[in-house]
Structures are given as structure tokens and as C-alpha cells.
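J.: Build me a model from this:
(one chain, ligands or ions: 2)
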Amino acid sequence: FSLTVMANESLANGGGPSQSKPRSLSSSAELNASMERSVQTRIFKIIVIGDSNVGKTCLTFRFTGGSFPDKTEATIGVDFREKAVEIEGEKIKVQVWDTAGQERFRKSMVEHYYRNVHAVVFVYDVTKMASFENLKTWIQECNGHHVSPSVPRVLVGNKCDLVSQIQVPSNTALKFADAHNMLLFETSAKDPKETQNVESIFMCLACRLKAQKSLLYRDVEREQGRLQLCHEPSPKNSCPC
Ligand SMILES: Nc1nc2c(ncn2[C@@H]2O[C@H](COP(=O)(O)OP(=O)(O)OP(=O)(O)O)[C@@H](O)[C@H]2O)c(=O)[nH]1
Ligand SMILES: [Mg+2]
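T.: Ligands and ions are numbered 1, 2, ... in the order given. Coordinates of the predicted model:
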């Protein structure tokens, strides 16, 4: 096959083009190598969605900063947190969008949350049944913004450290997750012993996204509209979870 590609390293970083002449590539291996070189750091946009007070800010803090914040205030609009990770030798930036749960703080931002999103994390509070029941509404909102079914989604039950107050049984959550084709993580942003588990939520998604080689081409195409793709290698699932 032959391919004309005008990828450039700044695409994944949202910058302007750095080269303008089309190149011809003659093999799949050459294409892969070229893509890896030309897109130096891919950025995966992961949004964190759910009711106010379920712990979205604390979870994203735990993943990107390692600690549990002493004090949080309701998120207004969105807070961005980024973490550079390395998966199978590729450096990737995980860009976490910590969204506002309160309607009044999110309504002007909703379109931005879902635009070009790569993965979605739905969070509920295991001690608050209402936050679990509201997941249906959050999923509807997500679907209403044309998020493709191929965009990975995970479900997170937070505040598991509050053992005596748990209202949402694990098997109920598991059934819901299964029905919506999501993995379930039950964890605590507060409990330091759960740090690894919180990390694995985002790393699992990053691994899945990395395995979707086609994501790279889709992004290039979306950003530039100039890619003529004649061949796409089949995605290899290297997700460890
Ligand atoms: N016990 C316990 N408390 C938590 C945990 N995670 C968050 N909290 C507390 O829950 C409250 C709300 O946490 P946030 O992270 O601000 O909640 P949020 O989902 O970001 O809320 P919005 O920004 O309004 O959407 C805070 O008082 C946190 O200290 C947890 O794992 N365990
Ligand atoms: Mg918040």
C-alpha cells in the first residue's frame, strides 16, 4: 500500500504544523516508526464526571499529585491536571479534566468537557446511593454529546474507607458496570493504601488508549483533515487489566 501523511509532532500537543511536505511511506513498519517519531508525546484527554462531592477532585489529585488534599472546594468549570507516564517505552501525557459536579458551575463548560475526549471516568460515592443512581443521568449526558462507544469508560466507587457507611453494595455496582460495558474500581482517594488502586484507574485507561494505534491517526485526521490513510494496523490489546 502507499500512504501520504502529513503528521507532525505538534498535533498531539495542540500546536501548529511543523512540516508541510507530504512524504511517501512504503511499509507498515515504516509507517509505525514514522508516526512514533513524528508525534513525540501523545496526550490522552480523560474526563472525570459525577455528582458534586463524590471526590473527583481528590481522586485526580491522588493520581497526579500523589496526596489527598487537606481541603477542597467545589470545582468551578474544570481543573486540568497532567501526569507524564511511560508505557512500553512511549512517553504519554495523561491530561485529566476534573469537572464540576454542580450544575451551576458546569453548564457553560459541558461542550468542552466532551470535545475530543479519549476516555471517561464516572465517579460515585459508595456512601451515597443517590450519587450511584444519578450515574444514569451522567451516562445520558455523555451519550448525548456523541461520545463514541469506542471511547473507554470506567466506573469508580469512591470513599471505600468509610466502611461502616457504605450504601452501594459491590454486586449492585458490578452489575451496573457490566450492563454498561465498564470496568469497576472501588477505592478511596483518602486511604494511602489505595494510592496504587487510584493510579491503576488512569493507567489502565492509558494502556487501553495506547493500544488503540488508530487513535493516533484519528487525532491526526481530526486536527488536520489532510491524512489519506490506505491501511490501518489492527489494534493490539496490551492493557494489563
Ligand atoms: N472519607 C473520604 N472522604 C473523601 C474521599 N474523597 C473525597 N473525600 C471528601 O469528599 C469531599 C468532596 O471531595 P471533592 O473531591 O472536592 O468532590 P468533587 O467530586 O470534586 O466535588 P465537585 O467539585 O463539587 O464536583 C471533601 O470533603 C473530601 O475531603 C475519600 O476517598 N474518602
Ligand atoms: Mg471537584
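J.: that's a helix at Val48, yeah?
T.: No. Read with DSSP: H, G, I helix; E, B strand; the rest coil, Val48 is strand and lies in no helix.
J.: Glu90 against Arg42, yeah?
T.: Yes. In this structure, Glu90 is within contact of Arg42 by CB atoms under 8 Å, at 7.5 Å. For every residue, glycine as well, the C-beta is placed using N, CA and C.
J.: Tell me the residues that contact both of the two, please.
T.: With contacts taken as CB atoms under 8 Å, 6 or more residues apart in numbering, Glu90 and Arg42 have Lys210 as neighbours in common.
J.: Please say which of these two ends up with more neighbours.
T.: For Glu90 versus Arg42, the count of surrounding residues by other CB atoms under 10 Å is larger for Arg42: 22 against 14.
J.: Bridged to the more buried one, which residues?
T.: Beta-bridge partners for Arg42, by DSSP bridges, are Ile92.
J.: what sits against the residue nearest the centre of the chain?
T.: Central residue of the chain (CA atoms, centre = their mean): Ile46, 2.5 Å from the mean position. Neighbour list for Ile46: 94-97, 117-121, 202, 205-206 [criterion: CB under 8 Å, 6+ apart].
J.: From these, which land in helices?
T.: Secondary structure defined by DSSP state H assigns 202, 205-206 of those to helices.
J.: Need phi/psi at Leu174.
T.: Taking degrees, to the nearest 10, you get phi -60, psi -40 for the backbone angles of Leu174.
J.: Give me the nearest residue to it, chain neighbours excluded.
T.: Closest residue to Leu174 apart from its sequence neighbours, by CB to CB, 6 or more residues apart in numbering: Leu184 at 5.5 Å.
J.: give me the element that neighbour is part of.
T.: Assessed by DSSP states H and E, Leu184 sits inside strand 183-186.
J.: Over to Asp79?
T.: Assigned by DSSP H and E, Asp79 belongs to strand 78-87.
J.: Quick one: residues in contact with that strand.
T.: Contacts for strand 78-87 (CB under 8 Å, 6+ apart): 41, 57, 60-61, 63-65, 91-100, 109, 112-113, 202-203, 206-207, 210.
J.: Identify the bridge partners of the residue nearest to Leu174.
T.: Beta-bridge partners for Leu184, by DSSP bridges, are Leu155.
J.: what's the answer for Arg81, then?
T.: Bridge pairing for Arg81 - DSSP bridges - gives Val96.
J.: Give me the pLDDT value at it.
T.: At Arg81, the pLDDT value in this model is 95.
J.: measure it to ligand 1 for me?
T.: 12 Å (CB to the nearest ligand atom, to the nearest Å).
J.: Out of the contacts of strand 78-87, which end up buried?
T.: Among the contacts of strand 78-87, those classed as buried by neighbour count (16 or more other CB atoms under 10 Å) are 57, 60-61, 63-64, 92-100, 113, 202-203, 206-207, 210.
J.: Of these, which are in range of ligand 2?
T.: Thr57 (CB under 5 Å from the ion).
J.: Those residues of the protein touching ligand 2, which are they?
T.: Within the chain, the positions adjacent to ligand 2 are 56-57, 75 by CB under 5 Å from the ion.
J.: how about the strands in the protein?
T.: According to DSSP state E, the chain carries its strands in the segments 3-5, 23-25, 42-50, 78-87, 90-99, 119-125, 153-158, 183-186.
J.: closest to Ser131 out of the ones you listed?
T.: strand 119-125 (4.3 Å; CB to CB).
J.: Please find the angle between the direction vectors of that closest one and strand 153-158.
T.: Interaxial angle, strand 119-125 versus strand 153-158 (axes from the mean of the first three to the mean of the last three CA atoms, to 10 degrees): 30 degrees.
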